[in-house]
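> Pasting the sequence and the predicted model now:
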Amino acid sequence: MLSPILPLNNRMPTNGHVQNGDSSNTNGSHGRLSPNNVSPTFDSAFFGNGAVNRNPPGTVGFANWQNELFRKAARDGFHFNMLVVGRSGLGKSTFVKTLFASDVYDPQAATAKKIINCGGTMAIEETTVELVENGVRLFLTVIDTPGFGDSIDNRDCLAPIAAYIDGKYSEYLADETKVHRASRIKDVRVHCCLYFLPPSGHGLSPLDAECMKTLNGRVNIIPIIAKADTMTPDECADFKKTIMEEIAAHRIKVYSFPSINDDGTPDKHQLEYESRVPFAVCGSTTFVEIRGKPTRVRKYPWGCVEIDNIKHNDFVAIRHMVIRTSMFDLIDSTRFVHYENFRIGRMMDLSEQQKQLDHEYQQREALLDGEWKEKRELINANITKMQQTVEKKRKMLADRRKWLEDQKAELFRDVPVARRFLSASSMNDSASTNSDSKSVKSKSSVNIFRSYK
């Protein structure tokens, strides 16, 4: 049995017996094997003669999983989505080109491009490009915000950006919760936001502060001071200090770069670069030969600003922190923090909506029950009234039938008597021949009949 906890100080010999010093252990705590405890003859016995074993003698081979994962990841590629926010003229596009050492905005190189009009002068542009470096594929999506902050009233610039980020979270959540979903869901979530600040030297503007507060909790915010070559080193240091103080005052949480090595010790290099936040950068795609090698610079009459020189600006620091050491941490932070918070909030909203719908349904059901109860009572009252009317009619018919039966019986009793008197009257009338006397006799016979009756 293999265990993650491997006793390296106890080795089992090839004959299966315990070495001296281990025979006193009877509880089995040293009975677990490590790959180093396997005999070299185990490989030849397992693989057989002539079999090729690419693992060193005495190893199992699961240490190669990291190579397998690397090959799989390199084959499938990585998705990284970066949002760029800032006013026009701060060099955002130039910086992105400098950061990835390629023209990501080239229409011929872009694999996908999408423009979302937000009204006014602002729009949101998505540009996706595939970059390959040493066999590793990176699907980079740059989300730019041209026209941000160019209007007189910029209050409408904040909602489209927040809606875009939430919309991407909603899109991923919808794909993730489908019954028949794809085996590999395309990651469209925004992993980081490079927020460019103008080198004013006066701290955050109201628009920048409000926009960063809007983005706070939605995405990993990395503040950047654009055109750092317009300030002296002392002005840049004071401006950085003012920016961080105002960010803390507004309770804006910027992305914290990991600064711990794999062995748990602090990484001094990372800590040094993290102390430069917000990064004061400048970008350029112009190359000039300096000290015998081509160097990206910004040329001025008084000299050149080297882009890749940490003494001139913080471009090397942000490239190292964002791309080389923290890209996966940015993705994981988006996945496990921001997206998870969005998912929980959306599920809670759905739960509240379901509760509201259930409450409204219960209210509607109670209202319908009340209405049906009133209708049932009215129907029952009408039925009772109709039954009473029918019963009354039935009683009247019964009384009428009884009266008719009595009249019939009485009539049948009177018929024989009437016949006798009629026969007697006819005998009396035979003697008289006068028509007048007939009427008198008929009247007298009727009178006799009535008196007899």
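Alright, I've got the coordinates. Residues are numbered from 1 along each chain as shown.

> Would you mind listing where this structure has pLDDT under the threshold?
By pLDDT under 70, the low-scoring segments of the chain are 1-58, 427-453.

> what ranges do the strands span in it?
Assigned by DSSP state E, the chain shows strands spanning 78-85, 110-117, 123-133, 136-144, 192-197, 221-225, 279-280, 287-290, 293-300, 303-306.

> so which of the ones you listed comes closest to residue 159?
Nearest to residue 159 among those is strand 123-133 (11.7 Å), distances taken as CB to CB. Glycine gets a C-beta too; all of them are placed from N, C-alpha and C.

> how close does residue 81 get to residue 222?
Distance of residue 81 to residue 222, given as CB to CB, to the nearest Å: 14 Å.

> Likewise for residue 116?
Taking CB to CB as the measure, residue 116 falls 23 Å from residue 222.

> Those two: which has the busier surroundings?
residue 222 (21 against 14; other CB atoms under 10 Å).

> where exactly do the helices run in the stretch 51-200 of the chain?
Ranges of helices within the stretch 51-200 of the chain are 65-76, 92-100, 158-176, based on DSSP state H, counting those that start in this stretch.

> would you turn the ones you listed into TSV with mean neighbour count?
Conversion of the helices of the stretch 51-200 of the chain to TSV gives the following (neighbours: other CB atoms under 10 Å):
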stretch	mean neighbour count
helix 65-76	10
helix 92-100	20
helix 158-176	16
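
> ok and the biggest helix by length in the chain relative to helix 158-176, angle-wise?
Once the chain is assigned using DSSP state H, the helix that runs over the most residues is helix 339-429. Helix 339-429 runs at 70 degrees relative to helix 158-176, counting by axes from the mean of the first three to the mean of the last three CA atoms, to 10 degrees.

> Need the winner for burial among the strands of the chain.
strand 279-280 (a mean of 26; mean count of other CB atoms under 10 Å).

> from the middle of its chain, how far away would that one be?
34 Å (CA atoms, centre = their mean, to the nearest Å).

> Give me the helices and strands touching that strand, please.
strand 221-225, helix 233-249, helix 315-319 (3 or more CB pairs under 8 Å, 6 or more residues apart in numbering; DSSP states H and E).

> Give the pairing partners of it; include direction for each.
Note on strand 279-280: by DSSP bridges, its sheet partners are strand 221-225 (parallel).

> could you dump the strand it pairs with to PDB, C-alpha only?
Provided in PDB are the C-alpha atoms of strand 221-225 (Å, rounded to 0.1, in the frame of the first residue of the first chain):
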ATOM      1  CA  ILE A 221      -7.900  45.500  -9.600                       C
ATOM      2  CA  ILE A 222      -4.300  46.300 -10.400                       C
ATOM      3  CA  PRO A 223      -3.800  50.100 -10.300                       C
ATOM      4  CA  ILE A 224      -1.300  51.500 -12.800                       C
ATOM      5  CA  ILE A 225       0.100  55.000 -13.100                       C
END
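
> Other residues contacting it?
Applying CB atoms under 8 Å, 6 or more residues apart in numbering, the contact partners of strand 221-225 are 86, 95, 192-197, 199, 212, 215, 236, 239-240, 243, 247, 252-255, 277-281, 318, 322.

> Ok, which of the strands of the chain comes nearest residue 273?
Closest approach to residue 273 among those (CB to CB): strand 279-280, 8.7 Å.

> So which residues make contact with that closest one?
With CB under 8 Å, 6+ apart as the criterion, strand 279-280 contacts 199, 222-225, 228, 231, 236, 239-240, 313-315, 317-318.

> Mind checking which of those residues are buried?
Neighbour counting with 16 or more other CB atoms under 10 Å marks 199, 222-225, 228, 231, 236, 239-240, 313-315, 317-318 as buried within the contacts of strand 279-280.

> from those, which single one is nearest residue 376?
For the buried ones among the contacts of strand 279-280, the nearest to residue 376 is residue 222 (68.0 Å; CB to CB).

> Next one: the closest one from residue 195, what distance?
7 Å.

> List of residues touching stretch 107-114?
Against stretch 107-114 from outside (CB under 8 Å, 6+ apart): 102, 103, 104, 125, 126, 127, 128, 129, 130, 139.

> if we go to 10 Å?
Residues from elsewhere that reach stretch 107-114 (CB atoms under 10 Å, 6 or more residues apart in numbering): 102-105, 124-131, 139-143.

> ends of stretch 142-161, how far apart?
End-to-end distance of stretch 142-161: 14 Å, with CA to CA, to the nearest Å as the criterion.

> Centre of the chain to it, how far?
Using CA atoms, centre = their mean, the offset of stretch 142-161 from its chain centre is 25 Å.

> that older thread, show the secondary-structure elements that the longest helix of the chain is packed against.
If you count contacts as 3 or more CB pairs under 10 Å, 6 or more residues apart in numbering; DSSP states H and E, helix 339-429 packs onto helix 158-176, helix 435-452.
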